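Enquirer: test case, fold it:
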Amino acid sequence: MKKLFNPIKDKSGEIIEYLMSSPDMPTDEDLRFKLRLSIEETVENIVQYAYKDSIGWMEVETNLDDKALVLTVTLKDAGKPFNPLEIPDPDITSSVEERKIGGLGIYLCKQLMDEVTYRYENGCNILTMKKNIAKQ
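Expert: Here you go, the predicted model:
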């Protein structure tokens with residue numbers, strides 16, 4: 001399932017709901033929670049930061065590998081190049097008051113998904129998240 005959102009300004013909720021309504025999504029509530037949280041964090045970051053003050057687009061896609069039971073969610077945008085995987089993991093042992101702001105969303109995404117990759121190709125950021133959806 002694939003869709004282009006143009007523009008993305010103020011469309012985070014619509015983009016998230018589109019992805020979560022994909023027929024590729026599992027019915028298991030625990031898996032859906034993990035997927036939704038990961039999708040929310042990444043979509044919100046792209047909508048908020050990718051284009052700064054300009055209006056931009058985002059292409060989203062889900063794909064289910066029926067044989068391996070792996071769900072792939074791909075987010076593509078032409079905003080400023082940004083690899084969220086280069087951000088150091090936050091120190092989750094320190095108190096909330098002592099922690100630096102930012103980085104927790106992508107950290108959660110990396111913990112909840114089985115694989116998260118980033119590449120910059122043809123002027124586009126491409127973030128790919130994979131989750132094994134076989135009964136766990």
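Enquirer: from here on, contacts and neighbour counts on C-alpha atoms
Expert: Fine.
Enquirer: which stretches of this structure form strands?
Expert: For the chain, applying DSSP state E gives strands covering 2-5, 58-65, 70-77, 115-121, 124-132.
Enquirer: nearest to Asp24, of those strands?
Expert: strand 58-65 (5.5 Å; Cα to Cα).
Enquirer: may I have the phi/psi pair for Gly79?
Expert: Per-residue torsions, Gly79: phi -70, psi -170 (degrees, to the nearest 10).
Enquirer: got the confidence number for it?
Expert: Gly79 carries a pLDDT value of 95.
Enquirer: still on that earlier bit, of all the strands of the chain, which lies closest to Leu19?
Expert: strand 58-65 (7.0 Å).
Enquirer: who does that closest one pair up with?
Expert: Taking DSSP bridges as the criterion, strand 58-65 forms sheet pairs with strand 2-5 (antiparallel), strand 70-77 (antiparallel).
Enquirer: follow-up on the earlier one: need the strands of the chain in CSV (columns: mean neighbour count and distance to Pro88).
Expert: Converted to CSV, the strands of the chain look like this (neighbours: other Cα atoms under 10 Å; distance: least, Cα to Cα, whole Å):
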stretch, mean neighbour count, distance to Pro88
strand 2-5, 14, 30
strand 58-65, 19, 25
strand 70-77, 21, 21
strand 115-121, 15, 15
strand 124-132, 20, 17
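Enquirer: possible to save those as TSV with distance to Met20?
Expert: Below are those laid out as TSV (distance: least, Cα to Cα, whole Å):
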stretch	distance to Met20
strand 2-5	12
strand 58-65	9
strand 70-77	10
strand 115-121	18
strand 124-132	14
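Enquirer: mind listing what the residue nearest the centre of the chain touches?
Expert: For the chain, the residue nearest the mean C-alpha position is Thr42 (3.5 Å; Cα atoms, centre = their mean). Contacts for Thr42 (Cα atoms under 8 Å, 6 or more residues apart in numbering) come out as 105-106, 109.
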